[in-house]
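> fold the following and give me the result.
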Amino acid sequence: MPATRQPIPTSGDRRTAVDGNPGVFLRELRTEKGWTLAEVSERTRIPVSTLSKIETGKMSLSYEKLLRLSQGLEIDITQLFAAATSIPAATHTATGRRSITPAGEGPSIKTATYNYTYPSADLLNKTLNPMIIDIKVRSIDDFGDLMRHSGEEYVLVLEGECEFHTDMYAPSHLKTGDSAYFDASMGHGYVAVGEGPCRILSVCSATDADLKSALHPVDAE
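Next up is the predicted model:
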């Protein structure tokens, strides 16, 4: 019975998790040993195409492949296992940004179609821009040109009902609690329906300057 081959110590201790990527580990080991993919394939009985996908991060390692690599390349399986399962540490640092807006407060802008209230206006350079919008217009004929701006938009009906118009889809009737998410570069507008008021929450990923440039003419009052 042939003797069992023992794993050969390598510099794997410093490579147990190269950016959490076993493909990087394998490529560095091949370079160190001077092996070609064909030679690794012969040693491990793993096809060259599969090895290439592993090295480029296009294929994950199953336990069977981990075992074949460990035995064929004579390395400790824990080195590969650590590289296959480790998760890179988060690099994002919390900024502590926070804004609280009491109900009914925030700067406002009145236009011919909407009355806007801006919560969290004290935070500059926001990734998202929330707006509370009271819809004044009740006919798309009175709306004028549909609005459009960069980014994406989410809208939630807080009170009443409205029609959601775009230049690419038929109008959608939204009731209290209904919502929509869409590409805001598409022409869009909201029209109140029914007898009561209609209020919506709109959250846009566009910059504040871009949003204000897209407003309909501001009321003189």
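> which secondary element of this protein has the worst mean pLDDT?
helix 77-85 (a mean of 57; mean pLDDT, DSSP states H and E).
> next SSE after that helix?
Counting by DSSP states H and E, the next helix or strand C-terminal to helix 77-85 is strand 108-110.
> now find how far off-centre that following strand is within its chain.
31 Å (Cα atoms, centre = their mean, to the nearest Å).
> buried ones in the following helix or strand past it?
Helices and strands here follow DSSP H and E; after strand 108-110, the next one along the chain is strand 114-117. By neighbour count on 16 or more other Cβ atoms under 10 Å, the buried set for strand 114-117 is Y114, Y116, T117. Just so you know, the C-beta spots here come from the backbone N, C-alpha and C atoms, and that holds for glycine as well.
> in JSON lines: the residues you listed, plus pLDDT.
Below are the buried residues of strand 114-117 laid out as JSON lines (pLDDT from 0 to 100):
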{"residue": "Y114", "pLDDT": "93"}
{"residue": "Y116", "pLDDT": "92"}
{"residue": "T117", "pLDDT": "93"}
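> partners of Y154 in the sheet?
Here Y154 sits in beta bridges with Y181, V203, going by DSSP bridges.
> residue contacts, it?
Y154 makes contacts with S179, A180, Y181, S202, V203, C204, as judged by Cβ atoms under 8 Å, 6 or more residues apart in numbering.
> just the buried ones from the residues you listed?
Buried subset of these (neighbour count, 16+ other Cβ under 10 Å): A180, S202, C204.
> and of those, the nearest to G23?
The closest of these to G23 turns out to be C204 (Cβ to Cβ; 39.1 Å).
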